[in-house]
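Visitor: Predicted structure and sequence below. I'll ask about it afterward.
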Amino acid sequence: MKEAYTKQWPLYSVRMREPKIDPRPSYQRGLVWSKSKKQLLMDSILRRYDIPKLYLRAVDKPPYKYEVVDGQQRLRAIWEFCQDNFALSTECDLVHGHIVAGKRFSELPNDLVDEFQSYELSLVILEDATEDEVEEMF
């Protein structure tokens, strides 16, 4: 592996790069997160809690520029929530004074949408890493 470096991307940037990120390279497992786990992650992001780093491998496999090494479940949950595929838990407490329980992304107040999309995700980008090197890491 040539190098690994950490970047901070706002969640909005990760959303916009979705078509360029392969969430299921051959070494990735399938989808395993329940809806409640996805809801908890969205709640954590809305409350600005720290979440673990995501690991991406830089690739040149059009249309992809990256493969998900670690963080597939988290990325997919974010993308699915932003596409209104599920709502927050009906038991969700107020977030910054707003009622969010049972709401989908498109139903959130604009200031919460802005905060959500500006949330900084920590990514480790692996440059020139082989599949064998990636599999050894995880």
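Guide: On my side now, so go ahead.
Visitor: So what's the residue count around Ala77?
Guide: Neighbourhood size, Ala77 [other C-beta atoms under 10 Å]: 23. Bear in mind the C-beta positions are built from the backbone N, C-alpha and C, glycine included.
Visitor: ok, now Ser122?
Guide: Counted with other C-beta under 10 Å, Ser122 comes out at 15.
Visitor: What's the per-residue pLDDT of the residue most central in space within the chain here?
Guide: Central residue of the chain (C-alpha atoms, centre = their mean): Leu75, 2.6 Å from the mean position. If you check Leu75, the pLDDT there is 96.
Visitor: what's it in contact with, if anything?
Guide: Listed by C-beta atoms under 8 Å, 6 or more residues apart in numbering, the contact partners of Leu75 are 14, 21, 23, 54, 68.
Visitor: I'd like the distance between it and Asp132.
Guide: Noted for Leu75: a distance of 23 Å to Asp132, by C-beta to C-beta, to the nearest Å.
Visitor: returning to that earlier point: so which of the contacts of Leu75 belong to helices?
Guide: Here DSSP state H is the test, and these give Val14 as lying in helices.
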